Structures are given as C-alpha cells and as structure tokens.
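Asks: Need a 3D model of the following:
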Amino acid sequence: MSAQVIETERLSLHLFCAASASDVAFTHQLLNEPSFVHGIGDRGVRTLEDAHAYLMMGPVASYEANGFGMYRLQEQSSGASIGMVGLVKRATLQHVDLGYALLPAYWGKGYALEAARAVRDHAHGVIGLPRIVAITQPGNAGSIRVLEKLDFRFQAVVQWPPENVELKLFAHEARS
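Replies: From the prediction side, this is the model:
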C-alpha cells in the first residue's frame, strides 16, 4: 500500500511504490496506452521490468531528490488506479512542471481538473513553489482547457528536445 499524499472530494493521490506489483502493472498499462504514447511520448516501457525501472528512475528518484514527483491517481469510490498527476523537475525547464495523464475510460469526468488543481495548490501552499509551469502539444485542446481553468497562462511556444517538437508552455504564479 503506497502512502497517500493528497485527497480531494473524489480522488486520492499516492506515492508510487516500485515494490508494489499493482503500481508496476498500472504504470505498464498507462504508459502503453496509445493516448499516452501519442500525447506525452513513448517511454520505452514494454515489460513489467521496464515499468519497475521507470518508477525507480522517475517518480521514486524524484521523491528522494525533490520531495515531490508524479503520484498515482486513485478514484476513491472504486479504489481503481486511473492515472498519474504530479510535479516534475526537468533539466530542460527553469521551473517545476505540472503533468497529468489519465486512462481514457476516465476522461470527461473532471478528474484531470480536480487532480491538477490539488497538485497546483499543494505545489504553492505546501511545497512553497512560487511558480509552476505546464507543457502540452498545441493541438491538445483538452489539456489546454484544463490549464486555462486552473488559471495557467500561455507563455510561449518552446522547442522540446530531442526531436525539437513544438510545445505550448503555460505558467501559474502563486497568489501573494
């Protein structure tokens, strides 16, 4: 059982645990969803061993280095793992990045907005980050809509390595 970090009305956000077979299996499932591969990118996770390594080198390493990372998103009513949401410190961005991905069966229910709002508020209020950013593909209307509802403001189009893909960069400032 992984530690809960944040709870909302309908969701709970948990630390990923690389020793948890269910967290590893869920990570394998989510990262191989065609929508994840197309919208976020192919992380090369083909096996459960790859998923374990991804958790160790990604979320778990981030918890240890930064005190935050990506969290497993769980629907409270069913207990089902439905996605991931959290904060990532990327070498290619000046500020910490808010990211989220849900299994397609859970799209259109307001879960991305609810989870991202909770992480945004946690980033500013608990972690103390004065500014966070988010990146998305220019054609990802759903993610752009979520960011705009969260008062993220468009900043610029950025080139994203290594393929130099163009992404939209949004930012949110903590209220004083």
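Asks: In the helix or strand containing Ala112, which residues are buried?
Replies: Taking DSSP states H and E as the criterion, Ala112 maps to helix 111-122. By neighbour count on 16 or more other C-beta atoms under 10 Å, the buried set for helix 111-122 is 111-112, 114-120, 122. Yep, even glycine has a C-beta here, placed from its N, CA and C like the rest.
Asks: can you pull the alpha-carbon coordinates of the host helix or strand of Lys168 into PDB?
Replies: Counting by DSSP H and E, the element that carries Lys168 is strand 165-173. Extracted C-alpha coordinates of strand 165-173, given in PDB (Å, rounded to 0.1, in the frame of the first residue of the first chain):
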ATOM      1  CA  VAL A 165       8.900  19.200 -31.100                       C
ATOM      2  CA  GLU A 166       6.900  22.500 -30.600                       C
ATOM      3  CA  LEU A 167       5.000  22.600 -27.300                       C
ATOM      4  CA  LYS A 168       3.000  25.300 -25.600                       C
ATOM      5  CA  LEU A 169       4.300  26.400 -22.300                       C
ATOM      6  CA  PHE A 170       1.900  27.700 -19.600                       C
ATOM      7  CA  ALA A 171       2.700  29.100 -16.200                       C
ATOM      8  CA  HIS A 172       0.900  29.700 -12.900                       C
ATOM      9  CA  GLU A 173       2.000  32.100 -10.200                       C
END
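Asks: where does this structure dip in pLDDT?
Replies: Counting by pLDDT under 70, the chain has low-confidence residues at 1-2, 176.
Asks: The same query, at a cut-off of 80, please.
Replies: 1-2, 161-163, 176 (pLDDT under 80).
Asks: Let me see the ranges of the strands in it.
Replies: 4-7, 11-15, 70-75, 81-88, 97-102, 131-136, 153-160, 165-173 (DSSP state E).
Asks: would you list those in a markdown table and tack on distance to Val60 and mean neighbour count?
Replies: Formatted as a markdown table, the strands of the chain follow (distance: least, C-beta to C-beta, whole Å; neighbours: other C-beta atoms under 10 Å):
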| stretch | distance to Val60 | mean neighbour count |
| --- | --- | --- |
| strand 4-7 | 13 | 16 |
| strand 11-15 | 8 | 20 |
| strand 70-75 | 10 | 25 |
| strand 81-88 | 12 | 24 |
| strand 97-102 | 16 | 20 |
| strand 131-136 | 21 | 20 |
| strand 153-160 | 24 | 12 |
| strand 165-173 | 26 | 17 |
